[in-house]
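Novice: here you go, sequence then predicted model.
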Amino acid sequence: MNTREDAERILKLRGIRFAYPGENPVLNDLDFDLYRGDRIGLLAPNGSGKTTLFHLIIGLLAPNAGILEIFGNEVTAERDFIAIRRKIGLLFQDADDQLFSPTVMEDVAFGPLNMGKSKDEALAISRRVLSFLGLSAFEDRITFKLSGGEKKLVSLATVLAMEPEVLLLDEPMNGLDHHTRMRLREILESIDLTYIIISHDIDFLIDTTSAIYTMADGRIMKDEQVSIHQHDHAHLFGHVPHKHK
Ligand SMILES: Nc1ncnc2c1ncn2[C@@H]1O[C@H](COP(=O)(O)OP(=O)(O)O)[C@@H](O)[C@H]1O
Ligand SMILES: [Mg+2]
């Protein structure tokens, strides 16, 4: 039984098919719904189409078949996606795809400025987000000189500065040290946003999401096995399949 209201539905994907030119389909007859308040983990093997799915949702790629409804409207044209990208923030798998300005502050302020905020407003939002992420000291740092983990956090700052309603986080834990992982976990627990997190770290997903999905044969489905899988201890290799009593 589905008691959830259509008004609360953010994404409705039906029969989505996508193939890169000259390749076999990566996504095939894929159905998926995302509702306001959902916190979904997406754990599936490399190459199963997770990143491709995120890129379709924000219109970086267009499906070959199927229907994509976002906030209740079917979207096809690039101009529809411009508004959607302000509400749905994507953290790219590779931070170098996200960051392009000389300094951290310029990168973080770019989104708000682009949305029409004044310079002062953009600066204020950026400072707030950097402070929230513990990155206040990074304002004037040269972006391309940051470490991988630092770039990842600054990327997250650029996404949060857009004040999105939904976050799509593509492997946000990659390259983060233990301390920063803990910090990211706290951040996700403290923000009241709808999100989907792609990660291979099952313990992290269990802590930060309420349902775990997987992908196979071009489709996405709820992973009941993982969802009922209780964790009360840490694993060195959390993503390796294992059984608990
Ligand atoms: N630009 C591209 N051109 C051709 N094939 C691609 C391209 N990007 C990804 N692929 C292929 O599509 C499949 C799905 O990729 P991807 O969505 O990145 O998977 P995941 O994020 O789950 O690891 C992989 O086999 C990958 O090699
Ligand atoms: Mg990927």
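Specialist: Ah, there it is. Ligands and ions are numbered 1, 2, ... in the order given.
Novice: quick check: residues of this protein near ligand 2?
Specialist: Proximity of the chain to ligand 2, by Cβ under 5 Å from the ion, involves residues Lys50, Thr51, Gln93. In this view, the C-beta of every residue, glycine as well, is placed from N, C-alpha and C.
Novice: spell out the secondary structure type for the second one.
Specialist: So the one you mean is Thr51. Here Thr51 is helix, with the state taken from DSSP: H, G, I helix; E, B strand; the rest coil.
Novice: can I get the residues of the chain next to ligand 2 in a markdown table with pLDDT, distance to Glu150 and neighbour count?
Specialist: As requested, those are exported to a markdown table (pLDDT from 0 to 100; distance: Cβ to Cβ, whole Å; neighbours: other Cβ atoms under 10 Å):
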| residue | pLDDT | distance to Glu150 | neighbour count |
| --- | --- | --- | --- |
| Lys50 | 98 | 24 | 24 |
| Thr51 | 98 | 22 | 21 |
| Gln93 | 95 | 16 | 18 |
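Novice: just these now: which is nearest ligand 2?
Specialist: Set against ligand 2, the nearest of these by Cβ to the ion is Thr51 (3.2 Å).
Novice: and the closest one, how far from ligand 1?
Specialist: The spacing between Thr51 and ligand 1, counted by Cβ to the nearest ligand atom, to the nearest Å, is 3 Å.
Novice: tell me how far Thr103 lies from ligand 1.
Specialist: Thr103 sits 30 Å away from ligand 1, going by Cβ to the nearest ligand atom.
Novice: identify the bridge partners of that residue.
Specialist: Ile142 (DSSP bridges).
Novice: my read is that it contacts Phe138, right?
Specialist: No: with contact defined as Cβ atoms under 8 Å, Thr103 does not count as touching Phe138 (9.0 Å).
Novice: among the two, which residue is more densely surrounded?
Specialist: Using other Cβ atoms under 10 Å, the more surrounded residue of Thr103 and Phe138 is Phe138, with 19 against 14.
Novice: report pLDDT for that one.
Specialist: Looking at Phe138, its pLDDT stands at 97.
Novice: pretty sure it contacts Val154?
Specialist: Yes: look at Phe138 against Val154 with Cβ under 8 Å: they come within range, at 6.6 Å.
Novice: identify the contacts common to these two.
Specialist: Counting by Cβ atoms under 8 Å, 6 or more residues apart in numbering, the shared contacts of Phe138 and Val154 are Val104, Leu146.
Novice: hey, which helix or strand in the chain has the poorest pLDDT?
Specialist: Every helix and strand in the chain was compared by mean pLDDT, DSSP states H and E; the lowest is helix 224-227, with a mean of 65.
Novice: give the contact list for Leu176.
Specialist: By Cβ under 8 Å, 6+ apart, the contact list for Leu176 reads Gly149, Lys152, Leu153, Leu184.
Novice: closest one of the residues you listed to Gly134?
Specialist: Leu153 (8.0 Å; Cβ to Cβ).
Novice: in what helix or strand does that closest one lie?
Specialist: helix 148-160 (DSSP states H and E).
Novice: which elements pack onto that helix?
Specialist: With contacts taken as 3 or more Cβ pairs under 8 Å, 6 or more residues apart in numbering; DSSP states H and E, helix 148-160 sits against strand 88-91, helix 104-114, helix 119-132, helix 178-190.
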